[in-house]
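> Based on what follows, work out the 3D shape:
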Amino acid sequence: MATSTLPAAPRQRKPRPAPARSIRLLVRPSPECSGVVRIAVGQSATDYLLQPMRSDFGRAFRLVKLLGDHDGYNVCLNSRFSLCDCRGFHSAKSGECKHVAGLKALVAAGKL
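Residues are numbered from 1 along each chain as shown. Predicted structure coming up:
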């Protein structure tokens, strides 16, 4: 009599938790000077110049890394239609990147 065994089910990996993200307003922007924000993801933190921009839809800001040669990111906050031109915004499953999420949090807290 022939017996057969079923192959073992593949092991499921537990999803890795997303690293904690935070933002801190270091210097409030004014008409005379740009502001500075620090965005931390896990153990890594990056400081950005924060420059308000004119926008027809919502509030807009330009974020430029203090250390680095990148031109910067344009962020438009418009409720659930917010936009950012970074690579993370286009690949994020949640629909928002760390720049959008951070600036939304600062606006909600009344700091911007």
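
> now this structure, which segments are flagged as low pLDDT?
1-4, 92-94 (pLDDT under 70).

> So which residues of the chain form helices?
87-91, 98-108 (DSSP state H).

> Which stretch among those helices is buried most, on average?
Stretch with highest mean neighbour count among the helices of the chain: helix 98-108 (a mean of 19; mean count of other Cβ atoms under 10 Å). All C-beta spots, glycine's among them, are computed from the backbone N, C-alpha and C.

> Packing partners of that one?
If contacts are counted by 3 or more Cβ pairs under 8 Å, 6 or more residues apart in numbering; DSSP states H and E, helix 98-108 sits against strand 21-27, strand 35-41, strand 59-65, strand 73-77, strand 83-84, helix 87-91.

> Turn these into TSV, columns for distance to Pro7.
TSV is the format used below for the helices and strands packed on helix 98-108 (distance: least, Cβ to Cβ, whole Å):
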stretch	distance to Pro7
strand 21-27	40
strand 35-41	40
strand 59-65	50
strand 73-77	48
strand 83-84	45
helix 87-91	34
